[in-house]
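Trainee: I'll drop the sequence and a predicted model, then ask my questions.
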Amino acid sequence: MIPAGRLHLVRTLADVAAHQGIAVQTLLNSGRHKTEGFPEPLNAGRTRLYDGEQLDAYFAGRPVPPLPGGDNDGDLLDRQEAAALRGMTPQQWDTRKKDPAVGQHLVVVGGVEHWPRAVVRDHTPTPRTRTAPTPGRAGGRPTGAGDQVPRDELPPLVARLLDDDPALTAAGVTEALGVHRNTAQAALIDLRAQRIADAMEQHGTGPTQAAAALGYPAGLVRRATVRAESIRRGRQAQPYLAAVAQAAHEAGWTTTAAAPTVQHPDDDLCVAALVLDAPGAPAAALVWDERHGWRTATSRRHPLGPRAAWPTPGDGVRHLATGTTPAPADLIAAAAHTG
């Protein structure tokens, strides 16, 4: 469980390994994360998550502070914890989480799905209704039917719907535009997150206050507010990424000096890929991760890899320089070094 208000402190084993300057596999082989006194993970799943404040204290040789006690509606529960709270199996929860009333609150942290405690506890399954067939038309939207609106045309259409109704739901988008519920939900989350980030920058407020000012119901924007904070961090990183792109261009590794676009494979994560498309470049691409810094990639087409997971060095992948934002000149020198 991620205690309420501590989402920004969550760290993964990859973060722990990076802090110690070793590969994740080396950490796993050494068992350092299992030694006495090491902070307990926040969850029991396969992908372990840790509290950053506890880790910082441990590495500094200070007593590890306890996590907040008691249950809070804002606590984030993973799959096993959500199932346990509802008295069901994880497989049963896998079915329950598909309900739009649950899915719209999904928060992905370190690649692990979470839901607010209040949503898990209070959710009542949405009644299933069947649309009566009318002459010449089948009832409802056929299972597996493709979206009726091309993806590149969807954002402005959803934007107009959201302008008219700040409480717009994925079901409302599906009904109005004939797109799949998942497509509608993804478009709504991204659009709301962009607008919340804009409001945060314009008014100097936090994401919750910005969402409220836009008229977005609190129950619909949990995931969007997390994404908005990531978008804002990504915007703040753009000048730095542009400087790196310029340095790579001056080194003769790219044909243009265009800065890479910040992406958000998880709601709480910023990553970017700088494709090195000129002959003689030392790698296919350079990948930046706000938690780990820079590495090389072996593919120009898919430099981030599956879910932008941070890989261990080897097979053409090298971790470059030190820190998350090394000086562009230092990064270029590290990338150029092939020894």
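Mentor: Sure thing, it's come through. Keep in mind that this is a model prediction, so the values were computed, not measured.
Trainee: Please count neighbours and contacts with C-alpha atoms only from this point.
Mentor: Noted.
Trainee: Dihedrals phi and psi, V107?
Mentor: Per-residue torsions, V107: phi -130, psi 120 (degrees, to the nearest 10).
Trainee: What number of residues are in the vicinity of it?
Mentor: Neighbours of V107 under the rule other C-alpha atoms under 10 Å: 26.
Trainee: before we move on, what about G87?
Mentor: Neighbour count of G87, defined by other C-alpha under 10 Å: 11.
Trainee: Please determine how far it is located from V244.
Mentor: According to C-alpha to C-alpha, to the nearest Å, G87 and V244 sit 51 Å apart.
Trainee: go on, P66?
Mentor: In terms of C-alpha to C-alpha, P66 sits 40 Å off from V244.
Trainee: out of the two, which sits in the more crowded spot?
Mentor: Of the pair P66 and V244, V244 is the one with more neighbours under other C-alpha under 10 Å, namely 26 against 9.
Trainee: who touches the more buried one in this structure?
Mentor: Listed by C-alpha atoms under 8 Å, 6 or more residues apart in numbering, the contact partners of V244 are A259, P328.
Trainee: how is the protein carved up into domains?
Mentor: Following automatic domain parsing, one finds the domains of the chain at 151-220, 232-336.
Trainee: Could you export stretch 151-161 as CSV, CA atoms only?
Mentor: Listed next in CSV are the C-alpha coordinates belonging to stretch 151-161 (Å, rounded to 0.1, in the frame of the first residue of the first chain):
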residue,chain,number,x,y,z
ARG,A,151,-7.2,8.6,-33.2
ASP,A,152,-5.7,11.8,-34.5
GLU,A,153,-9.1,13.4,-34.8
LEU,A,154,-10.2,12.3,-31.3
PRO,A,155,-8.6,15.0,-29.0
PRO,A,156,-10.3,18.1,-30.5
LEU,A,157,-13.7,16.2,-30.5
VAL,A,158,-13.2,15.2,-26.8
ALA,A,159,-12.1,18.7,-26.0
ARG,A,160,-15.4,20.2,-27.2
LEU,A,161,-17.3,17.6,-25.2
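Trainee: Which residues outside that stretch are in contact with it?
Mentor: Counting by C-alpha under 8 Å, 6+ apart, L168, V173, A187, L188, L191 sit against stretch 151-161.
Trainee: Which positions in that stretch come out as buried?
Mentor: In terms of neighbour count (16 or more other C-alpha atoms under 10 Å), stretch 151-161 has its buried residues at L154, P155, V158, A159, L161.
Trainee: ok, now stretch 172-186?
Mentor: Buried positions in stretch 172-186, judged by neighbour count with 16+ other C-alpha under 10 Å: G172, V173, T174, L177, G178, V179, H180, R181, N182, A184, Q185.
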